[in-house]
Structure formats: C-alpha cells, structure tokens
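A.B. asks: Here's a sequence, model it:
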Amino acid sequence: MDLDPRALLRDLFDTAIAAAHPAQVLARHLPRVHGGRTIVIGAGKAAGAMAEVVEAHWNGEVDGLVVAPYGYGANCRRIEVVEAAHPLPDDAGERVARRVLALVSDLSEDDRVIFLLSGGGSALLALPAEGISLDDKRVLNKALLKSGAAIDEMNCVRKHLSAIKGGRLARACWPASVYTYAISDVPGDQATVIASGPTVGDPSTSAEALAILKRYAIETPAHIRAWLEDPRSETVKPGDDCLSRSYFTLIATPQQALDAAAAKARAAGLNVLILGDLEGESREVAKVHAGIARQVRKHGQPLAAPCLLLSGGETTVSVRGKGRGGRNGEFLLSLTAALKGEPGIWALAGDSDGIDGMENNAGALMSPCSYRRALAAGLNPLHELDDNNGYGFFAELGDLLVTGPTRTNVNDFRAILILQSDEQ
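C.D. replies: Sure thing, here's the model as predicted:
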C-alpha cells in the first residue's frame, strides 16, 4: 500500500475535528424565532465558535455573553465573547459567571435562553457556592486534576461547590425556556457530566462529593466540608419544576468524530476497528492498545492489516514525576515503551481541543523508529514515563502534534495504524 503514514494520521485527526466543529453541526438545531427576548449564554472551548454560528443564522434580535478559554475567542458583533482560564479557574471566569446569572435573572415565560455548552465550561463558568472562595476551588481542582480522578468524579465535586452548575443555571433562568446545545467531551455523553450540567437535573449527592474527596485523599478544609454537609449544597434534582422548560440537545459527540475518521480510513483502503470511548490510566490504556496491535500483526486478529485502530474518551494521569505533558503524550510514551519499535506500527494521539493538558500541543505521533531514536538520544521511555514527561520526550524527537486551539472539543482521538502482518 502506497501511503504516507504521518500525513494519513494527521489527515484523520483533522477530519475528526472538522466533523465536530460548530460550523458543521449547530445551525440546524436552533429554535424558531418568535416573540419575547432571546438571550445567548455559553461556556466552553467551543463557545466562541458556537456564538459565531448563532449570529450568522439567527434572524431575530439577539444578544448575550459567552466565555471561552484564552486564545479561543470569536468575532461576534451582538454576542459578547469573554476569555478566561482553563483548566484552573481565574477571576475572569468568576466575573463572567456573575454576569451570566444577572443576564438571565429577570426573564419571562415568553423569553428564551440559548445556552452553548462544551467541554471546559465547568472551569470557565466558575462561581463558588456561598462561603467558598475561588482560591478554595482552585486548590481543590488542582488536587483533583493530579489525583487521577475520573471526569465524572471531578464534576461531582465541582457541582456541589458551585452556585451555577448541577442544574442551578436552569433554576436561575426560570420561567424562560432554555435550549442547551452541547458538544460532548465525556465518555457516555451524559448531560449531567458535560461541563457539570448547569441546565439539567443532577442525581449525584453532596455525600458522594465528600466520598470522592476522601477516596483520593484530597485535603478538605473544614468550611468546605461543612458546606458539603449542609442541605443547601444539594444540586437541582431530576423532575424539579424549574427544569420543565429546559431542553437539552447533543449536537456533536466523540463517536461522530471517530466515525468520520473511520470513513476516510476505509476510503484509503484500510480495515477499521473502533474501540469506542475509553477511560482509565493513560499508561494502562496504552498497554491494552499495544496488545491489540501486536495481535493484529502476528495473527491478523481481530482484523487483518493494513488496518486502523481508533479510540476516544478521556483517560487520566496520576502525576508522580516532574515532567511535562498531558494524557495523550502519556499514552503515546507508554505505547512506545510497550511496543519497543515493533515494525509497521504508527500511532497518533491528540486532544480534539488542540491542547494536551496544559501544554501547547494537541498530542504527538509515534513511528516504528521512535523507540530506537529515543535510545540513541539518551532517552529511556520507561524512565520518561515515570517522570510523566510525554511532552519532553516527543519534543526531543520532533514529533509533537501542534494545531493551536481548534475551537471544538470532543475529547481525545487515538489512531494506531498497522501496515503489515507477520503472517502476510
């Protein structure tokens, strides 16, 4: 087969992102224009791009306010786009959250709120609950990010420490109609988990939030513990009257992105296996992928080469070392260590938002010679993995995947290309 593995993998990554971009998926879902006011609010890595789509396709009067990460802004005339910090919230995020609540606090039944939601919204729309400071939330968020906690566990804690998440935004909008359009960045596409579910009922409890903090041995100040033990910390539950005029629509999912990449790969003559949305420690998920890739090479199972293994979801990294990198760099570093230069196997892993963790890369690319090149450069993949140094490892090899902000987010994209089989 005559193809350029690097170019193909990058093309598949770009195809996956394009399939989930607001410009492709939002306009057809917008509600009809009728009487009353239309207020647009939003939060997340795709919020700016989503606001641009609303402005381009909404025929009536509209104004509003959305928040996106620094560098993810938009060119809007009627909807204000503010930038704030992610993944750790800052004062700008708190200020815009207060402004959002004020904007929707005096609406009538004739009015409608269009809420543009995507991954990252939890940190960007940061308004702590009564008696809790933004510094308190920063400390806990940082500890949760380092702990290896799953995204739904982190969001459970965040919701119960918030004045806006866990359905509270829908309560603030009542009695106006609320139309939430969401781009999913979580395994399972659960509305309650995407950006901590500001406009949907939340079945989790404050007791569960306390249990998560205990499970990961996260130091919890007395006043935060007291708040989580207070009934007022409970979120809005499913079936609450304030949710009766709140409508939630998923407009893009990780599966859509994987399907688009799979279609392009099949058109290039590859067999494709989609492994789905995956969770777990990045390094352990990589070992499973390595095992499947070896089975394909050696035995043509569960499909024959040339082929492509695709997976998405959101893995976690338990930070033990002092290196740099996010979960995609960690995945590829572990894959490199596991495969040890196995011939004919290439891989790309990247975050669809363009940022792996808190670095300037989306992820990286592994080739069959990455292992050998690393050893020649004095880099031991296992030692680098112990130091959580995926960024430094692939930067040294010149194999970082750098895209800049993509202005969407359907979580991680992993592609393993297997070009030959031992049995062929």
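
A.B. asks: buried residues in stretch 28-39?
C.D. replies: Within stretch 28-39, the residues scored as buried using 16 or more other Cβ atoms under 10 Å are 30, 38, 39. The way it works is simple: take the backbone N, C-alpha and C, and place the C-beta from them, glycine included.

A.B. asks: residue boundaries of the strands in the protein?
C.D. replies: 38-43, 63-69, 79-84, 112-118, 177-183, 246-252, 271-278, 307-313, 345-351, 363-366, 400-401, 412-418 (DSSP state E).

A.B. asks: Output the ones you listed as a markdown table; include the columns mean pLDDT and distance to residue 372.
C.D. replies: As requested, these are exported to a markdown table (pLDDT from 0 to 100; distance: least, Cβ to Cβ, whole Å):
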| stretch | mean pLDDT | distance to residue 372 |
| --- | --- | --- |
| strand 38-43 | 98 | 45 |
| strand 63-69 | 96 | 37 |
| strand 79-84 | 97 | 43 |
| strand 112-118 | 98 | 40 |
| strand 177-183 | 98 | 40 |
| strand 246-252 | 97 | 39 |
| strand 271-278 | 96 | 27 |
| strand 307-313 | 97 | 22 |
| strand 345-351 | 98 | 13 |
| strand 363-366 | 98 | 12 |
| strand 400-401 | 98 | 19 |
| strand 412-418 | 98 | 18 |
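
A.B. asks: Of all those strands, which one is nearest residue 20?
C.D. replies: strand 246-252 (4.1 Å; Cβ to Cβ).

A.B. asks: Parallel or antiparallel, list what pairs with that closest one.
C.D. replies: With DSSP bridges as the test, strand 246-252 is paired with strand 177-183 (parallel).

A.B. asks: distance of residue 10 from residue 394?
C.D. replies: 14 Å (Cβ to Cβ, to the nearest Å).

A.B. asks: Neighbour count: the two, which is higher?
C.D. replies: residue 394 (27 against 17; other Cβ atoms under 10 Å).

A.B. asks: Test for you: state the pLDDT assigned to that one.
C.D. replies: pLDDT, residue 394: 98.

A.B. asks: Who are the contact partners of the residue nearest to it when sequence neighbours are not counted?
C.D. replies: What sits nearest to residue 394 in space, not counting adjacent residues and going by Cβ to Cβ, 6 or more residues apart in numbering, is residue 364, at 3.7 Å. Contacts for residue 364 (Cβ atoms under 8 Å, 6 or more residues apart in numbering) come out as 328, 329, 332, 348, 349, 350, 390, 394, 399, 400, 401.

A.B. asks: do the same with residue 236
C.D. replies: 166, 167, 168, 170, 171, 201, 202, 242, 243.

A.B. asks: do the same with residue 330
C.D. replies: 282, 283, 286, 315, 317, 385, 388, 390.

A.B. asks: Quick one: these as a markdown table, columns for neighbour count too.
C.D. replies: Formatted as a markdown table, the contacts of residue 330 follow (neighbours: other Cβ atoms under 10 Å):
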| residue | neighbour count |
| --- | --- |
| 282 | 29 |
| 283 | 22 |
| 286 | 28 |
| 315 | 27 |
| 317 | 22 |
| 385 | 25 |
| 388 | 24 |
| 390 | 35 |
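
A.B. asks: just the helices in the stretch 301-424 of the chain please.
C.D. replies: Taking DSSP state H, counting those that start in this stretch, the helices of the stretch 301-424 of the chain run over residues 327-339, 370-376, 381-386, 390-397.

A.B. asks: Oh, that last question was meant for the stretch 1-150 of the chain, not what I typed.
C.D. replies: Going by DSSP H, counting those that start in this stretch, the stretch 1-150 of the chain shows helices at 5-19, 22-25, 47-57, 91-103, 121-124, 134-147.

A.B. asks: Quick check: which of these is buried the most?
C.D. replies: By mean neighbour count, with neighbours taken as mean count of other Cβ atoms under 10 Å, helix 121-124 ranks first of the helices of the stretch 1-150 of the chain at a mean of 30.

A.B. asks: show me what contacts the closest residue to residue 404 other than its chain neighbours?
C.D. replies: Setting aside the residues directly before and after it, residue 404 is nearest to residue 354 in space (Cβ to Cβ, 6+ apart), at 5.6 Å. Residues near residue 354 by Cβ under 8 Å, 6+ apart: 362, 403, 404, 405, 406.

A.B. asks: I'd like to know how many residues surround the last one.
C.D. replies: The local packing count at residue 406 equals 24, with neighbours defined by other Cβ under 10 Å.

A.B. asks: Quick one, grab the pLDDT at the residue lying closest to it once chain neighbours are set aside.
C.D. replies: Of all residues not flanking residue 406 in the chain, residue 354 sits nearest, at 4.3 Å (Cβ to Cβ, 6+ apart). We note a pLDDT of 96 for residue 354 in this prediction.
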